[in-house]
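**Student:** Model the following, please.
(one chain, ligands or ions: 1)
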Amino acid sequence: MTQELLYEINDKQKTKINKILKTYEREKGNLISILQKIQETYQYLPSNVLYYLSRKLKISLAEIYSIATFYTQFKFKKLGKNILICCDGTACHVKGGPHLLYFVENELGIRAGKTTDDLLFSIESVACLGCCAISPVCVINGQIYGDLTIKKLKRILKDLKEDKTNQIFK
Ligand code: FES
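**Tutor:** Next up is the predicted model:
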């Protein structure tokens, strides 16, 4: 298989990327901002999009990967519809953070850093979410949940599994 086929990109993706590049036309050196925008669009950095980007910006793919992999904010795999970020910083750790993470991992059948096969759930474990006063903390679909307990998490997960996300976050 040729490299072009491997990194084939469709017209819809091309249009999206060209639009992003146009926005940052005057900041072509600002690769980080472009990558952030791509991730905002796809929730991760698809390899075919990065290949297209490397050709457009005339930067080698290796260089793009070398920059992108330096920052933990960038993801290279598609994440699930529901993203659970569990804190394992010191404050959360001493207040039972690891038990919450263990519970979520068991409930969903995946380890932190992974996504379920049905692409419904992703779990991430991070060092500190910056709201230690309400530890233990998880951010679930962008919503901060503090003073979490397994009982609360159980309810949240149950609702998410039944796809009642709108009811939870109101
Ligand atoms: S240690 Fe968890 S929010 Fe800071």
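
**Student:** From here on, just use CA atoms for contacts and neighbour counts.
**Tutor:** Fine.

**Student:** Quickly note the distance from Lys12 to Asn18.
**Tutor:** The gap separating Lys12 from Asn18 is 10 Å, by CA to CA, to the nearest Å.

**Student:** Apologies, that question was intended for Thr72.
**Tutor:** Thr72 is 25 Å from Asn18, by CA to CA.

**Student:** ok, now Ile34?
**Tutor:** Taking CA to CA, one finds Ile34 at 11 Å from Asn18.

**Student:** ok, these two, which is more surrounded?
**Tutor:** Between Ile34 and Asn18, Ile34 has the larger neighbour count (other CA atoms under 10 Å), namely 19 against 16.

**Student:** Which of the three states applies to that one?
**Tutor:** Assigned by DSSP: H, G, I helix; E, B strand; the rest coil, the conformation of Ile34 is helix.

**Student:** hang on, isn't it packed against Tyr24?
**Tutor:** Yes - counting by CA atoms under 8 Å, Ile34 touches Tyr24, with 7.1 Å between them.

**Student:** low-confidence ranges in the chain?
**Tutor:** 1-6, 26-28, 164-170 (pLDDT under 70).

**Student:** And the helices in it?
**Tutor:** Secondary structure of the chain by DSSP state H: the helices cover 3-6, 11-23, 31-42, 47-57, 61-68, 90-94, 97-108, 150-161, 165-169.

**Student:** Between those helices, which one is closest to the ligand.
**Tutor:** helix 90-94 (4.1 Å; CA to the nearest ligand atom).

**Student:** The closest one: which residues count as buried?
**Tutor:** Using 16 or more other CA atoms under 10 Å as the test for burial, helix 90-94 gives Ala91, Cys92, His93.

**Student:** Can you give the distance of it from its chain's centre?
**Tutor:** 23 Å (CA atoms, centre = their mean, to the nearest Å).

**Student:** next one: stretch 71-83
**Tutor:** On CA atoms, centre = their mean, the centre of stretch 71-83 falls 2 Å from that of its chain.

**Student:** Can you give me the first-to-last residue distance of that stretch?
**Tutor:** 19 Å.
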